[in-house]
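Chemist: below is the sequence, then the predicted model.
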Number of protein chains: 2
Amino acid sequence: MKKDSDKKRVERLLRRGVERIIGREELEEKLLSGNKLRIKHGIDPTGAKIHIGRAVVLWKLKEFQDLGHKIVLIIGDFTAQVGDPSDKLEKRPFLSHAQIKRNLKTYLPQIGKIVNLKKAEIRYNSSWLKMLRFEEISKLSEIFTVQQMLERRNFQIRFKDHKEISLREFLYPIMQGYDSVRVKADLEIGGSDQLFNLIAGRKIQEFYGLKPQILLTTKMLEGLDGRKMSTSWGNVINILDEARNMFGKIMSLRDKLVAKYFELATTLSEKEIKIIKKLSPIESKERLAYEIVKFYHGEKKAKDAQKFFGDTFRKKKLPKKIPSYVASRDERWDNFLSRNSLTSSKGEARRLIRAGGIELDQKKITNPATTISEGGVARIGKFKFIKIKF
Amino acid sequence: MKKDSDKKRVERLLRRGVERIIGREELEEKLLSGNKLRIKHGIDPTGAKIHIGRAVVLWKLKEFQDLGHKIVLIIGDFTAQVGDPSDKLEKRPFLSHAQIKRNLKTYLPQIGKIVNLKKAEIRYNSSWLKMLRFEEISKLSEIFTVQQMLERRNFQIRFKDHKEISLREFLYPIMQGYDSVRVKADLEIGGSDQLFNLIAGRKIQEFYGLKPQILLTTKMLEGLDGRKMSTSWGNVINILDEARNMFGKIMSLRDKLVAKYFELATTLSEKEIKIIKKLSPIESKERLAYEIVKFYHGEKKAKDAQKFFGDTFRKKKLPKKIPSYVASRDERWDNFLSRNSLTSSKGEARRLIRAGGIELDQKKITNPATTISEGGVARIGKFKFIKIKF
């Protein structure tokens, strides 16, 4: 007889943050029997930063890891190059080897904030994918029809809108699916936008005579403004965001998303979350911000961020120490910002200005070509303050 | 100054049997300047036999070869496996290596009946295609969009009819196009259904920084019944058809196709063809049959075939020597035919019977399950007669 507590634990594991499971019965059985699973998760280092929406799946992996299962992290150094079209509504560019290498350097430490990398098996899919030849690729392509590919939601939309779909993008699911063969995955965990790729893995495993992997997708965490969390929309919270910045961002979250963020972005128990929900909206959001910052930066920084936020915004005070920057007489704002590395480029400076992200003495700068004619206290983005001198 | 005769010759070369030329001016210029071209033609050994529709393009190659150009024959031992979807309205099966090897054995001698193989450069595309890896294939896939692929006529039709298009089929033009890069083709000649693949060759050559090849497609030669010439429809004349059979088949050609056959399937000059056209339909068709048989089997066999046809059909006489076959009492027709190798299989026997191709003493056999209850003279197909004994 299984203990009731085991059953409950499995039930929780397969419920919180979970969108869909293909092969649920089989999975429950395996988990209850104490079977240790090989759990694949693929990560393409397509950018430098991992945001907390992307991290939802990493939390789920950690839960499985804590139960003793083997996490097999596929670092998609090959697939990143080709580019996953999942949920993309535009054609993706090819990434260069150099870019991927740069991204990779910062990727693993970020993942390591959630998953125990020492216990995980880490594989690079270039090691097998770059060896695959045309004959094998043709056979793999034969498993899929063009129609099946076009059923994919985002392809459908692009197809209807007469937006280009590159043939290369059709090859992507094949690559990711083949990874499942090479690591003999029992279960693959991915975000809900990965369902198509994950199913491809099942088909390709079957083609090679393997038992198809069980699939588990996690729920999608929306960005601060309720839209899809996306770097290009500026509504993301990155794992590496500074504590104060992260705290402030979360405080700008839409109220209706707070509950979902508790479920998907914290490790608080459901019981604790229930209690917090009884607080006022602003109090529970502050608790959310505190919990998330605490996880990524520790208790001390979380407390500091909370105090900073209270001081700066609630009490309309400026931070005590404001760094000074020297502007040249009549220097353009975009030049000033990028020259002092306050933005990563002039382009970003211009975007930030146009989005209303720069103020001088509480007056918004709206035109990037505006020159700086007098000193004062400037706000850069939401939470950074500087003094401008000449 | 170019000689007028040169100009006329080039004009004829680029007119007779030609459907379309992309880069015509450039081609004319090169031909008149005495430039020697590398002319690619790809042949996938997907079947055992080459029919005279397929041969139209070989005739054109021969003309170029006679002018001193280098014919580069690409034997698609790799592409045959994957299968060219050109003008196919059904998904093609994968061919096995063994099947391709078998086909190859009979292919080259058939091509050699038209093109001088000693002067040609013969290349097997497996030698480079099987070496191509995923990264290169991804880059090649990037040259094409899914939408461009679906613009292809036959894909369009299948897409509308909800018939499967395998992703593998989308890879085919890439393979064939890459061949053009490897052999540095100046010109590619192919059947009209090859236009899409040929254009892919241009794009891929450009991708690799080469000058895109000129394209020339030849007209399509319809089958005996006016439909597309296709082995599965039984309306083909194969290069290897026996002289008498070939002659008889051509005599069953639709009258309105005779002129086109003269243009595309004989080497008679346009002047000669003009004279022949003044003959009665039956006379000109007989001349057509004679000319085609003569080309593939020599004058002697052509004369014999003509006489045989006259004796058998015009004068309603049976051939003098009819071979005898022994049937078992109450043997089924399909069994009898395949057992005696009169058909290649029981399936073919059944098809032949259902198509009305078998008569016993001038009475049609309509059901393959019919048993042979008495002897007599049987007609097998159009021109073969046997005696059945017990």
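Modeler: Perfect, I can see it now. Residues are numbered from 1 along each chain as shown, chains lettered A, B, ... in the order given.
Chemist: what's the nearest residue to the spatially most central residue of chain A if we skip its chain neighbours?
Modeler: For chain A, A:Arg54 is the residue whose C-alpha lies nearest the centre (Cα atoms, centre = their mean; 2.4 Å). Excluding its sequence neighbours, the residue lying closest to A:Arg54 (Cβ to Cβ, 6 or more residues apart in numbering or on different chains) is A:Gly191, at 7.4 Å. In this view, the C-beta of every residue, glycine as well, is placed from N, C-alpha and C.
Chemist: what are the ranges of the helices in the stretch 51-200 of chain A?
Modeler: Secondary structure of the stretch 51-200 of chain A (DSSP state H, counting those that start in this stretch): helices located at A:56-66, A:79-82, A:97-111, A:126-129, A:134-141, A:146-151, A:153-160, A:167-182, A:195-207.
Chemist: and among those helices, the most buried is which?
Modeler: helix A:79-82 (a mean of 27; mean count of other Cβ atoms under 10 Å in any protein chain shown).
Chemist: do it and chain B meet at all?
Modeler: Yes. Judged by Cβ under 8 Å from any Cβ of the partner chain, helix A:79-82 comes into contact with chain B at A:Gln81, A:Val82.
Chemist: ok, A:Glu150 - contacts?
Modeler: Quick fix: residue A:150 reads Leu, not Glu. A:Gln156, A:Phe159, B:Val146 (Cβ atoms under 8 Å, 6 or more residues apart in numbering or on different chains).
Chemist: the residue nearest to A:Arg54 reaches A:Trp59, doesn't it?
Modeler: No. Taking Cβ atoms under 8 Å as the definition, A:Gly191 is not a contact partner of A:Trp59, at 11.8 Å.
Chemist: got the phi/psi numbers for the residue sitting furthest away from the middle of chain A?
Modeler: The C-alpha centroid of chain A is most remote from A:Arg329, which lies 41.2 Å away (Cα atoms, centre = their mean). Per-residue torsions, A:Arg329: phi -60, psi 130 (degrees, to the nearest 10).
Chemist: then A:His41?
Modeler: Dihedral angles for A:His41 - degrees, to the nearest 10 - are phi -140, psi 130.
Chemist: dump the residue contacts of it.
Modeler: A:Val57, A:Leu58, A:Leu61, A:Ile71, A:Val72, A:Leu73, A:Ile74, A:Glu188, A:Ile189, A:Gly190 are the contacts of A:His41 under Cβ under 8 Å, 6+ apart.
Chemist: closest to B:Arg202 out of those?
Modeler: The closest of the contacts of A:His41 to B:Arg202 turns out to be A:Ile74 (Cβ to Cβ; 37.6 Å).
Chemist: for A:Leu61, see how far away the residue lying closest to the closest one once chain neighbours are set aside is.
Modeler: Excluding the flanking residues, the one nearest A:Ile74 by Cβ to Cβ, 6+ apart is A:Gly42, at 4.1 Å. A:Gly42 sits 11 Å away from A:Leu61, taking Cβ to Cβ, to the nearest Å as the criterion.
Chemist: check A:Lys363 too.
Modeler: A:Lys363 is 47 Å from A:Leu61, by Cβ to Cβ.
Chemist: so who does the residue nearest to A:His162 when sequence neighbours are not counted touch?
Modeler: Among residues not flanking A:His162 along the chain, B:Gln147 sits closest, at 7.4 Å (Cβ to Cβ, 6+ apart). Taking Cβ under 8 Å, 6+ apart, we find B:Gln147 in contact with A:Phe159, A:His162, A:Glu164, A:Ile165.
Chemist: just the buried residues of these.
Modeler: A:Phe159, A:Ile165 (16 or more other Cβ atoms under 10 Å in any protein chain shown).
Chemist: out of the contacts of B:Gln147, who's nearest A:Ile388?
Modeler: Among the contacts of B:Gln147, and counting by Cβ to Cβ, the member closest to A:Ile388 is A:Glu164, at 45.0 Å.
Chemist: count of neighbours near the residue nearest to the closest one when sequence neighbours are not counted?
Modeler: The shortest distance from A:Glu164 to any non-neighbouring residue, by Cβ to Cβ, 6+ apart, is to B:Thr145 (4.7 Å). Neighbourhood size, B:Thr145 [other Cβ atoms under 10 Å in any protein chain shown]: 18.
Chemist: which pLDDT does the model give B:Thr145?
Modeler: pLDDT, B:Thr145: 90.
Chemist: repeat for A:Gly298
Modeler: Reading off the model, A:Gly298 has pLDDT 94.
Chemist: burial of it, as a residue count?
Modeler: 12.
Chemist: which positions in whichever strand or helix holds it come out as buried?
Modeler: Secondary structure from DSSP states H and E places A:Gly298 in helix A:281-309. In terms of neighbour count (16+ other Cβ under 10 Å), helix A:281-309 has its buried residues at A:284-297, A:301-302, A:304-306, A:308-309.
Chemist: that one: what's the following helix or strand?
Modeler: Next element after helix A:281-309 (DSSP H and E): strand A:324-326.
Chemist: check the stretch 251-390 of chain A for the residue nearest chain B and tell me.
Modeler: A:Gly347 (25.6 Å; Cβ to the nearest Cβ).
Chemist: chain B contacts on the stretch 51-200 of chain A?
Modeler: Counting by Cβ under 8 Å from any Cβ, the stretch 51-200 of chain A sits next to chain B at A:78, A:81-82, A:94, A:129-135, A:137-139, A:141-147, A:149-150, A:155, A:159, A:162, A:164-171, A:174-175.
Chemist: mind listing what's buried in stretch A:180-196?
Modeler: Buried residues in stretch A:180-196 (16+ other Cβ under 10 Å): A:180-183, A:185-196.
Chemist: got the contact list for A:Asp84?
Modeler: A:Asp44, A:Thr46, A:Gly76, A:Arg92, A:Tyr172, A:Gln176, A:Asn197.
Chemist: try it again at 10 Å.
Modeler: For A:Asp84, the contacting residues are A:42, A:44, A:46, A:76, A:92, A:169, A:172-173, A:175-176, A:193-194, A:197, by Cβ atoms under 10 Å, 6 or more residues apart in numbering or on different chains.
Chemist: by pLDDT, give me the weakest of those residues.
Modeler: At the low end of pLDDT for these is A:Arg92, which has 58.
Chemist: low-confidence ranges in chain A?
Modeler: For chain A, the stretches flagged by pLDDT under 70 are A:1-3, A:85-94, A:314-320.
Chemist: kindly recompute the last result at 80.
Modeler: A:1-4, A:46-48, A:82-97, A:231-234, A:312-322, A:361-362, A:375-376, A:382-383 (pLDDT under 80).
Chemist: verify the stated contact: A:Ile204 with A:Glu188.
Modeler: No. In terms of Cβ atoms under 10 Å, A:Ile204 does not count as a neighbour of A:Glu188; the distance is 11.6 Å.
Chemist: overlap in contacts, the two.
Modeler: A:Gln176, A:Gly177, A:Asp179, A:Ser180, A:Pro212, A:Gln213.
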